[in-house]
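Peer 1: 3D model of this:
(chains A and B)
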Amino acid sequence: MVTGELATTSPMSGREGAPVVEVEGLVKRYGKGDGAVTAVRGVSFAVYPGEVFGFLGPNGAGKTTTISVLCTLLRPTEGTIRVGGYDVVRHPDDVRRSIGLIFQDPTLDSQLTAQENLDFHAFAYDVPAEEARQRGRHLLELLELWDRRDDLVRTFSGGMKRRLEIARGLLHRPRVLFLDEPTQGLDPQTRGLIWRYLLGLRQSDGVTLFMTTHYLDEAEHCDRIAIIDHGEIVALDTPENLKAMVGGDVVTLRTDDNALAMCEIRERWGREAQVHGPELRLEVERGDEFVPELVRTLTPRVETISVNRPTLDDVFLKLTGRAIRDEESSDVDSMRQFGRAWGGGRR
Amino acid sequence: MSVEVRGATRASAAGARRPSRLRAAVRGAYIVWYRDLLRWWRDRQRIIPSLFQPILYLVVFGVGLGSAIGVGISGGRGAGAPGVDYTTFMYPGVLAMSVLFTAIFSSISIVWDREFGFLKEIQVAPIPRTAVAVGKALGGSTVAMLQSAVLLALAPLVGVALSPAMVLELLALMFLLAFALAALGVAIASRMRTMESFQAVMNFVLMPLLFLSGAFFPLQGLPGWLAVLTHLDPVAYAVDAIRRVVLSSAAVSPEVVASLAIAGPSGEPLPLLAELGVLAAFIAVGLALAVRWFGATE
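Peer 2: You can find the predicted model right below:
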C-alpha cells in the first residue's frame, strides 16, 4: 500500500467501501453431544476498512474464540465469515495472507534476534526479500526498535516485545491486524505508548485494527465497540453512544443504613438504586444538582458519595448486571503459570 | 464488489505472494526445521553439559554393573565364546538413549511452543499444517542426530574404532531412529493440552520403549513374556542395528556379534534390511499420526 492511496481508505471515515470483516450468525461449539460447550452463540457484525473495532467482554465471554475463528485457527460450527473478502472455511490461506495477528501471549522466538524474527515471518509469508528488508526497516524505525534489531528478543522488555510483534504482524501488509488483548500484562504507561503506535500506524498504513480487550479505558480508543457476554453481542456502537445508554451520571454512595436509603430514593425520586457490596449505585441526568439535594434530604447519614461520568464499565454493568473481571481459568492459563514457574519458560 | 476485489489483489501483490501450495509447504517445513537447528547451534554451550547424562550411564552402569557381572556379556547362543565388555555392549544403547531423549524432548516442546511461541505464529501463516508437522519432526531428528553424534567421540574409550564409513552408517541409523521418535513426539504433543501430561508420556511411552529395547541388557534368554514385549518394541530393532555396526568395529568375534543380534524366525540373526524395514514402518506410523493429529482443527 502506498501512502498516496490513503485518501481512499482514510481512517475515521468509518463505513466506506465493502466490509473487511463480515460475520453472519457465527456459532462455535466445542465437543459433541451432551458434553458440548457453546462458546459463541450466533454473533453477527461487520468491520469496515480503516476502522478500529473493539471486542469488549470478560474472560470466557467468547472473544478469543471469535478471533480464532476469524483467523482460521478454529472452524466455525455455523455461520458465514469473510475476512479480507475471502471465506475463512473455503479459502483459509487467502485469509491468512490478508491478516496479521498479535496474540494474547507473545509468540516471538526469544532465542532469535528481532531482525531474525522478522526474517522468519517474511519467509513464511513468502514476502520478496527486498520488499521484506525495506518494509522491516520502515516498521522497526517507526516502532523505535531499529537500534535493537540485532539483539536477542530475550533481552527485550514486555513493551518492546509487543512493539516487535506489531512490526512483525504488519510486515506482509495485511488488510486487518487482529490484536487479542494486546496490552495484557503491560503497565499503564507502556499501554498508552502501544496505543500511540497503533493509532499512528492506522493513520499511516490505513490498516484496519480488530482488537479484544477487557480493559475498559482501552476500549475507548476504538471507533466502535461490540460488547460480548456469554457468547452473545449485547451491544454494538461507538463508545459515546454506548455511554449515552447509561443515561447521565453515575452516583455511588455509602450510608449507615443502605436499605432505608434505597427506600427513600425510590419514594422520593422514583429511582431504583442497585446494591454493590457496601455501596449503592444509581444513574441520574444531572449528578451535580442531584447530590446536594440527596445529602440534604436523606434520613440515613451519608458516609461517602461520588459522581462520575459514565464509563464503559458502567455500560457493561448496566447491560449484564455484572462487572468485568476474570471469571474462568483454562488449560492455557495453567500452562502460563507453569511457564512463569519455570522462569518465563525456555523459549 | 470492485473495491473488495481490488483490495484483495493489492494486498497479495504488495505483500505476501500467492504461491502454490507445494511451494508454501516446502518453505514452511524448511523454516520450522531451520529454526530448530539455529536454536540448537545458538545454544551450543549446552551441548557439552548435555553429554553428562549419557556419560554417567556409561560410567556408572558400564563400569559398575560391568564389574558386578564380571566376565562381560555373551549371547545365549555363543556359549564358550569370549564375551563383550559390558561398557562396549552398552555404548550403542547409550547412543540410542541420547537419540530417544533428545528427539522426544524436542517434539514435546511444541505443546509449549504452540501456545506461547513461534509455532503459534507459524500456525496462522499461509503454510499447510502437514508441512509444519513434518518440518518439526525433521528439525527434532536432525538436532537429536547431531547432539548424539558428539557421543561418537567417546568410541575409542570403550574399545571401538570407527571408520568414516561406519560413522556415516551410524549417523544414518541414528537419524532414522530420531525421526521415528520425533514424529511420534509430534503426534503425542498434538494430543496434549498441558505440560503436566508430560510425565505420563515419559512413564508410559519413553521409558518402556527404552528399557525394552535391549539398550542395557541383551535380549537373549529372557522369560517368554519379556521376550514378546521386547520384540514388540520398534526401538529394539534400531538399537540392534546400531549395535551391530559398533561391535563390528570393536575387537569382538563375528560369532558373538551374531549371537547378540535379534533372531529372525529361523533363529538366524535378522537381516539388517528387515530391521530397517521395521524402522521405516515405525516412521510411517509416527508420521501418519503426527500429520493427522497435528493437522486437526477444532
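Peer 1: And stretch A:89-106, what's buried?
Peer 2: A:91-106 (16 or more other CB atoms under 10 Å in any protein chain shown). In short, each C-beta sits where N, CA and C put it, glycine included.
Peer 1: what does stretch B:23-36 give?
Peer 2: Neighbour count says stretch B:23-36 has B:24-25, B:27-36 buried, by 16+ other CB under 10 Å.
Peer 1: Dump the C-alpha coordinates for that stretch into CSV.
Peer 2: Written as CSV, here are the backbone C-alpha positions of stretch B:23-36 (Å, rounded to 0.1, in the frame of the first residue of the first chain):
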residue,chain,number,x,y,z
ARG,B,23,6.0,-24.0,-2.6
ALA,B,24,4.3,-22.9,0.6
ALA,B,25,4.7,-26.4,2.1
VAL,B,26,8.4,-26.7,1.3
ARG,B,27,9.1,-23.2,2.6
GLY,B,28,7.1,-23.9,5.7
ALA,B,29,8.8,-27.2,6.5
TYR,B,30,12.2,-25.6,5.8
ILE,B,31,11.6,-22.6,8.1
VAL,B,32,10.5,-24.9,11.0
TRP,B,33,13.4,-27.2,10.5
TYR,B,34,15.9,-24.4,10.2
ARG,B,35,14.7,-22.7,13.3
ASP,B,36,15.2,-25.8,15.4
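Peer 1: That one near chain A at all?
Peer 2: Yes - counting by CB under 8 Å from any CB of the partner chain, contacts between stretch B:23-36 and chain A involve B:23-24, B:27-28, B:31, B:35.
Peer 1: Now tell me what touches that stretch from outside.
Peer 2: Stretch B:23-36 is contacted from outside by A:93, A:109, A:112, A:120, A:123-124, A:126, B:19, B:106, B:118-119, B:122, B:125-128, B:130-132, B:134-136, B:138-140, B:142-143, using CB atoms under 8 Å, 6 or more residues apart in numbering or on different chains.
Peer 1: I'd like the distance from that stretch to the chain centre, please.
Peer 2: For stretch B:23-36, the separation from the chain centroid amounts to 20 Å (computed by CA atoms, centre = their mean, to the nearest Å).
Peer 1: Please enumerate the helices of the stretch 151-300 of chain A.
Peer 2: A:158-170, A:188-205, A:216-219, A:239-246, A:258-269, A:287-297 (DSSP state H, counting those that start in this stretch).
Peer 1: List every C-alpha atom in the longest one, with coordinates, as CSV.
Peer 2: Right, helix A:188-205. Provided in CSV are the C-alpha atoms of helix A:188-205 (Å, rounded to 0.1, in the frame of the first residue of the first chain):
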residue,chain,number,x,y,z
PRO,A,188,-0.3,1.7,32.1
GLN,A,189,2.4,3.9,30.7
THR,A,190,3.5,1.2,28.2
ARG,A,191,-0.1,0.5,27.3
GLY,A,192,-0.5,4.2,26.4
LEU,A,193,2.6,4.0,24.3
ILE,A,194,1.5,0.9,22.4
TRP,A,195,-1.8,2.7,21.7
ARG,A,196,0.0,5.7,20.3
TYR,A,197,1.9,3.5,17.9
LEU,A,198,-1.2,1.5,16.9
LEU,A,199,-3.2,4.6,16.1
GLY,A,200,-0.2,6.1,14.3
LEU,A,201,0.0,3.0,12.1
ARG,A,202,-3.6,3.1,11.4
GLN,A,203,-3.1,6.6,10.2
SER,A,204,0.0,6.0,8.1
ASP,A,205,-0.9,2.5,6.8
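Peer 1: follow-up on the earlier one: restrict the buried residues of stretch A:89-106 to those near chain B?
Peer 2: A:93-94, A:96-99, A:101, A:103, A:105-106.
Peer 1: Looking at the residues you listed, which are in helices?
Peer 2: A:93-94, A:96-98 (DSSP state H).
Peer 1: closest to residue B:111 among those residues?
Peer 2: Comparing those against residue B:111 with CB to CB places residue A:96 closest, at 22.7 Å.
Peer 1: so what pLDDT did that closest one get?
Peer 2: The model reports residue A:96 with a pLDDT of 94.
Peer 1: Burial check on the residue of the stretch 151-300 of chain A found nearest chain B, number of neighbours?
Peer 2: Across the stretch 151-300 of chain A, no residue is closer to chain B than residue A:173, which sits at 3.2 Å (CB to the nearest CB). The criterion is other CB atoms under 10 Å in any protein chain shown. On that basis, residue A:173 has 22 neighbouring residues.
Peer 1: Next one: it, what pLDDT does it get?
Peer 2: 93.
Peer 1: what pLDDT does residue A:314 get?
Peer 2: So, for residue A:314, pLDDT stands at 82.
Peer 1: wouldn't it be in contact with residue A:246 here?
Peer 2: Yes - counting by CB atoms under 8 Å, residue A:314 does reach residue A:246; the two are 4.9 Å apart.
Peer 1: re earlier: out of the buried residues of stretch B:23-36, which one sits closest to chain A?
Peer 2: residue B:31 (5.2 Å).
Peer 1: What parts of the stretch 151-300 of chain A come near chain B?
Peer 2: Counting by CB under 8 Å from any CB, the stretch 151-300 of chain A sits next to chain B at A:168, A:171-175.
Peer 1: Apply 7 Å and report the result again.
Peer 2: A:172-173, A:175 (CB under 7 Å from any CB of the partner chain).
Peer 1: which residue lies farthest from the center of chain A?
Peer 2: residue A:299 (43.6 Å; CA atoms, centre = their mean).
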